[in-house]
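1. Sharing a model prediction with you, sequence too.
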Amino acid sequence: MAKHGKKYLEAKAKVNPETSYSPQEALGLVKETSFTKFDSTVEVHLHMGLDPRMAEQQVRDVVVLPHGLGKTVKVLVFVQGEGAQAAKKAGADYISDDDNWIKKIQGGWIDFDVAISTPDMMSKAGRLGKVLGPRGLMPNPKAGTVVKAQDLPRAVKEAKAGRIEFRLDKTANIHVPIGKTSFEAKKLYENMAVLMNAISKARPPAAKGVYVRRVTVTSTMGPGVKVDSQQALNMEME
């Protein structure tokens with residue numbers, strides 16, 4: 001069992017593990033118990049009442065957080081021709097339009113956070129499955145990262161603004177960042193409200209029983225704070 005440092009134990013002492021807090025209280029505690037010297041990321045962890053082995057019980061969607069993630073998002077776009085200029089104008093950091101870029105990424109260069117592709121470039125992007133797949137960077141229609149050339153400006157701007165993907169993992173959990181501990185509580189709350197609303201709407205028709213079993217919010221290296229799951233699913237923008 002890993003030993004925790006003094007700062008973690010002091011922070012943990014402020015959180016009652018038996019209590020399911022309201023979203024506002026939980027986010028306030030996450031801010032209060034963050035002890036890193038850097039600006040920690042705030043994450044929402046959900047344990048779902050779904051069977052990840054069943055195709056009809058998968059959850060995967062995207063959501064644009066109203067206040068972003070508090071970091072600069074680097075976007076790479078696989079595109080050729082006129083679309084390249086439109087993507088660049090919209091704020092894309094890198095344009096991958098030839099085999100040199102493919103070789104560069106195959107060689108281990110992944111200095112970007114989001115990869116977007118036009119359908120005609122997926123044959124080239126597909127060659128990078130082994131590099132991009134494990135890191136969650138592979139363009140995918142379900143994640144809204146495979147788009148027509150005319151939709152590239154919107155996709156790039158959304159990615160830059162804080163558009164994130166959430167998906168059920170093999171352990172029936174969903175992990176999503178919603179901002180930084182430096183965010184004011186209201187912004188964290190509103191980001192979480194938009195996320196929870198999207199997760200509620202993404203409920204598969206085949207889901208039986210309790211959909212969201214447990215909700216926890218935490219900061220980088222900080223203690224987890226349990227949130228009342230019903231209150232979390234019914235969060236509204238203030």
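-> Noted; the coordinates are in hand.

2. what's the nearest residue to K124 if we skip its chain neighbours?
-> I102 (5.7 Å; Cβ to Cβ, 6 or more residues apart in numbering). All C-beta atoms are positioned from the backbone trio N, CA, C, and that covers glycine.

3. which secondary structure elements does the helix or strand where the one you found lies contact?
-> Using DSSP states H and E, I102 sits within helix 99-106. Counting contacts by 3 or more Cβ pairs under 8 Å, 6 or more residues apart in numbering; DSSP states H and E, helix 99-106 is packed against strand 94-96, helix 129-132.

4. What is the helix or strand just after the last one packed up against?
-> In this case it means helix 129-132. The helix or strand immediately downstream of helix 129-132 is helix 152-161, counting by DSSP H and E. The helices and strands touching helix 152-161, judged by 3+ Cβ pairs under 8 Å, 6+ apart, are strand 75-78, helix 82-90, strand 114-117.

5. What pairs with the first one, parallel or antiparallel?
-> Right, the one you point to is strand 75-78. Here strand 75-78 is paired, per DSSP bridges, with strand 94-96 (parallel), strand 114-117 (parallel).

6. quick one, what contacts G91?
-> G91 makes contact with V75, V156, K157, K160, according to Cβ atoms under 8 Å, 6 or more residues apart in numbering.

7. buried set for stretch 184-203?
-> Within stretch 184-203, the residues that count as buried by 16 or more other Cβ atoms under 10 Å are 187-199, 202.

8. Same check on stretch 48-58?
-> M48, L50, P52, Q57, Q58.

9. just to revisit the earlier point, which ChimeraX command selects the buried ones in the contacts of G91?
-> Remark: buried members of these, expressed as a ChimeraX selection using 16+ other Cβ under 10 Å:
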select :75,156,160
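
10. Could you single out the nearest of the contacts of G91 to L29?
-> Checking those against L29 with Cβ to Cβ, the nearest one is K160 at 30.4 Å.
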